[in-house]
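Peer 1: Let's see this in three dimensions:
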Amino acid sequence: MYGKQQYRPKTKVKLTYQIRADEGTQPIGAITAIQLDEAAGRLYTAGRDSMVREWDVGPAVETPARNAAFGGHTDWVNDVVLCRTAGASRLASVSSDRSVRLWNLDDNGQEAEVILKHTDYVKAAAFAQDSGTLLTAGLDGKVWTWDLAAGPAGVVEPACEHPDSIYCVGVNRNGTIAALGSVDKVVRLWDPRTQTPFGVLKGHQDMVKALAVSADGTKCLSGGSDNMLKLWDVGERRCIATFRPHSDSIWCICVDPEFTRVYSGSRDGSVFVTQLDWSGPDGDAAGHDRSPSTLLASEDSPVLALSVSADGDRLWTSTLLRGVQERSIDNAGTVALARTIEVQPPLIRFRMFSDGITVCTEDTAGRTKLWSLATATVTTDLGETPFDDAVKQHNVAKCHVAKWCSIDTALGFLSVHLEPNDAFAAWVSEARIGGRTVDDPVNVGALVVRILLRQFQEAKYLLHPPAGLSDGGSGGGAAREASAAVDVDVANDESPAAKAHRNLMAAGLSHDIFTLPEHTQMILAQYTEPAHTICQLTLGTAADHTTTLIQECPEWIQHCLFTKHAPMGDKSKAPEVAVFVSPRKEKDASSKRAFPNMKRSVAPDRYVGHFAVSIRGLKAAIARDLNKGSSGEAVSASAIRLFHGDTELEDDTAISYVYQVLAKRKDIRLEYSREVPK
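Peer 2: Below is the predicted model of the structure:
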């Protein structure tokens, strides 16, 4: 049976759903990391939309084609690195969600493992090919080493605890020498095998942003926010060359296998190739102020990442605004743009409207759109209408809906977060949320939760039917009424899932007021320390996670899904407010009647009704009252006019708006008048 003892209360767990325009085919916002797998003809990209994607970029492919999208991270992905060992081919990705994820490339990118050791943003990763050791580093100042050669990642305790945040890491092929770059302007050297530091490289005048270590571990290359590239002799712990090809901070570097040339990208939008073994006439004994650099590209926004083919004839770059671009470089050094991967402009600001459902957004391209949180879709594309003008023109709904969610656009799209304290605080008219004519109050949060987890709700219902709802699909009159509200094919469907759906609807635990796209992503996450993701799934795959959700789904969600008279789903629990109605000019006893969704109180002219209903219902009730016992011409609701003071109330005005805005949270006193037919 269903009982609280079966739940695992986790009151500090939130439910997030993400609103995307498509299934994640095209990246949204900046690509922060790229990795070329030249042998397989694949390019891996990751960025600020939390997704890792695999692209087919073989020589015969005219336009890069997306092969797969790996969804698992819940924040920006900061770096990706290929990890090939004798037993497996994997891709490691590190994120600001504090996790390291390993994707099995031999199994279509299935998530092989999730590593949760870092306590702050993970910023960089490096892989030692010969030893099979993966290094990850982040803002928590720790570097973790993972042994991938034996199969699942075996953890070695932090080999280094840096006094400052770490932004980059490099390692040689056999994993004996690693380098760390940080805000302290120093490159620190350590041995991952013994977990001991053995030197520092001083010379940068600002933070170190990019690092590479030669295969044999004898040299190290660093790029910093001081605009300088520095080549170091690791054994002698000294700088042997300094290059200044850029006019602003160096954000990324890529070195060829022989460690003879480096490709660097900068905040100034430039991409240079620099010959590390160059010995021109202007080089002094210390190797300072050399100029062996050639400009390959000049972008209109900062270069975030780059990857180069082994022989240097193909260069891939990603920039802040223009996605990923491939350039071909011939033997004469001629550079030509070859292929591109476009990105969608990310959302940069938003405003939730007073109806609690509509959100206005603006992206980096200046396009403004209206979205529905209920259907997770664009309702109106306003083009290049200025954001502030769009808000003024369209935020006109006269209702006041309590806060039931929080929203952010950190990933370039809308992420909607429901937390137990306020997820079920908002009640609106069904006519307002579902486009119907019914003026019944509905709980927004409960409706959304029951749509998001409908598959899980039905799957668990079939496993453990709650008492009173297991009637084999008949459901009595209530079930027949519920079935009448759905599609005919669904009503006649005798499958277990269809029966479960009908019975849940009959019990008021499910609905068909609106639907959400099947690709809608959901995340269950603990949002207090130690914050972590519990489960990530899509609307269409919730049933596949039934076992996990039964164990991990918090009590406040399970209560909404499976308790027949849950407070957040029972309309009798909707907040009520008193409304006093009287004739505008003369007394009229007919005003002393109840109107839809309102119950008569002791006072004859006082009404108590649901907070979410509209003025339209009150007008209809007054018209009926005026017509009772009257032998004259019937009065229609459209002939009734309602006033709050001198303000005439429109039909769609919600009682909540009158209470909060017009009455200033005091007694609502309205007057009515009627048009007399000529």
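Peer 1: how near is Ala68 to Val169?
Peer 2: 27 Å (CB to CB, to the nearest Å). In short, each C-beta sits where N, CA and C put it, glycine included.
Peer 1: more crowded one of the two?
Peer 2: The neighbour comparison of Ala68 against Val169 (other CB atoms under 10 Å) goes to Val169, with 22 against 16.
Peer 1: Tell me what that one is bridged to.
Peer 2: Leu180 (DSSP bridges).
Peer 1: Enumerate every residue touching it.
Peer 2: Residues counted as contacts of Val169 (CB atoms under 8 Å, 6 or more residues apart in numbering) are Ala124, Ala125, Ala126, Leu135, Thr136, Ala137, Val143, Ala178, Ala179, Leu180, Gly181, Leu211.
Peer 1: From Asp422, how far off is it?
Peer 2: Distance, Val169 to Asp422, by CB to CB: 41 Å.
Peer 1: so which strand or helix has Arg502?
Peer 2: Assigned by DSSP states H and E, Arg502 belongs to helix 496-506.
Peer 1: what's that helix packed up against?
Peer 2: With contacts defined as 3 or more CB pairs under 8 Å, 6 or more residues apart in numbering; DSSP states H and E, helix 496-506 has these neighbours: helix 454-463, helix 476-484, helix 488-492.
Peer 1: in the stretch 1-150 of the chain, what spans have low per-residue confidence?
Peer 2: Low-confidence segments of the stretch 1-150 of the chain (pLDDT under 70): 1-11, 109, 112, 150.
Peer 1: Strands of that one, start to end?
Peer 2: Secondary structure of the stretch 1-150 of the chain by DSSP state E, counting those that start in this stretch: the strands cover 13-19, 31-37, 42-47, 51-56, 65-71, 77-84, 89-95, 100-104, 110-115, 122-128, 133-138, 142-147.
Peer 1: Out of those strands, which gets nearest to His246?
Peer 2: His246 lies closest, by CB to CB, to one member of those: strand 31-37, at 18.9 Å.
Peer 1: what angle do that closest one and strand 89-95 make?
Peer 2: Between strand 31-37 and strand 89-95, the angle comes out at 170 degrees (axes from the mean of the first three to the mean of the last three CA atoms, to 10 degrees).
Peer 1: Just the CA atoms of strand 31-37, as PDB, please.
Peer 2: What follows is strand 31-37, C-alpha atoms only, in PDB (Å, rounded to 0.1, in the frame of the first residue of the first chain):
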ATOM      1  CA  ILE A  31      31.400  26.300 -27.500                       C
ATOM      2  CA  THR A  32      34.000  26.300 -24.700                       C
ATOM      3  CA  ALA A  33      35.800  23.100 -25.600                       C
ATOM      4  CA  ILE A  34      36.600  21.100 -28.800                       C
ATOM      5  CA  GLN A  35      38.500  17.900 -29.300                       C
ATOM      6  CA  LEU A  36      39.400  16.500 -32.800                       C
ATOM      7  CA  ASP A  37      39.600  12.800 -33.200                       C
END
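Peer 1: Tell me the helices and strands packed up against it.
Peer 2: strand 42-47, strand 77-84, strand 303-308, strand 314-319, strand 323-329.
Peer 1: Adding distance to Thr653 and mean neighbour count, write those out as CSV.
Peer 2: Formatted as CSV, the helices and strands packed on strand 31-37 follow (distance: least, CB to CB, whole Å; neighbours: other CB atoms under 10 Å):
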stretch, distance to Thr653, mean neighbour count
strand 42-47, 44, 26
strand 77-84, 46, 22
strand 303-308, 49, 24
strand 314-319, 49, 25
strand 323-329, 46, 20
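Peer 1: For the stretch 351-500 of the chain, which residues score under the pLDDT cut-off?
Peer 2: In the stretch 351-500 of the chain, residues with pLDDT under 70: 434-438, 465-494, 497.
Peer 1: And the strands in it, which stretches?
Peer 2: Under the criterion DSSP E, counting those that start in this stretch, the stretch 351-500 of the chain contains strands at 358-363, 368-372, 377-381, 406-408, 414-418, 427-429, 441-443.
Peer 1: which of these sits most buried?
Peer 2: Highest mean neighbour count among those (mean count of other CB atoms under 10 Å): strand 427-429, with a mean of 27.
Peer 1: ok, Gly501 touching Glu458?
Peer 2: Heads up, residue 501 is His, not Gly. Yes. Using CB atoms under 8 Å, His501 is in contact with Glu458, at 5.9 Å.
Peer 1: Run through the helices of the stretch 501-650 of the chain in chain order.
Peer 2: Ranges of helices in the stretch 501-650 of the chain, per DSSP state H, counting those that start in this stretch, are 546-552, 555-562, 615-627.
Peer 1: Could you save the strands of the stretch 1-150 of the chain as TSV and add columns showing distance to Ser225?
Peer 2: Output for these, formatted as TSV (distance: least, CB to CB, whole Å):
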stretch	distance to Ser225
strand 13-19	33
strand 31-37	17
strand 42-47	22
strand 51-56	27
strand 65-71	31
strand 77-84	17
strand 89-95	21
strand 100-104	26
strand 110-115	29
strand 122-128	14
strand 133-138	17
strand 142-147	21
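Peer 1: Minimum distance to Arg349: which of those has it?
Peer 2: That would be strand 13-19 among those, by CB to CB, at 15.2 Å.
Peer 1: Could you pull out the buried residues of that closest one?
Peer 2: Buried residues in strand 13-19, counted by 16 or more other CB atoms under 10 Å: Val13, Lys14, Leu15, Thr16, Tyr17, Gln18, Ile19.
Peer 1: Quick check: closest non-adjacent residue to the fourth one.
Peer 2: Distances taken as CB to CB, 6 or more residues apart in numbering put Ile523 closest to Thr16, at 4.3 Å, once the chain neighbours are dropped.
Peer 1: that older thread, least reliable of the helices of the stretch 501-650 of the chain by average pLDDT, please.
Peer 2: Of all those, mean pLDDT reaches its minimum on helix 615-627 (a mean of 79).
Peer 1: Keeping just the C-alphas, turn it into CSV.
Peer 2: C-alpha atoms of helix 615-627 as CSV (Å, rounded to 0.1, in the frame of the first residue of the first chain):
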residue,chain,number,x,y,z
ILE,A,615,-14.8,38.6,-12.8
ARG,A,616,-16.6,36.8,-15.7
GLY,A,617,-17.9,34.2,-13.3
LEU,A,618,-19.2,36.9,-10.9
LYS,A,619,-21.0,38.7,-13.7
ALA,A,620,-22.7,35.4,-14.8
ALA,A,621,-23.9,34.8,-11.2
ILE,A,622,-25.2,38.3,-10.8
ALA,A,623,-27.1,38.0,-14.1
ARG,A,624,-28.7,34.7,-12.9
ASP,A,625,-29.6,36.3,-9.7
LEU,A,626,-31.3,39.3,-11.4
ASN,A,627,-33.2,36.9,-13.6
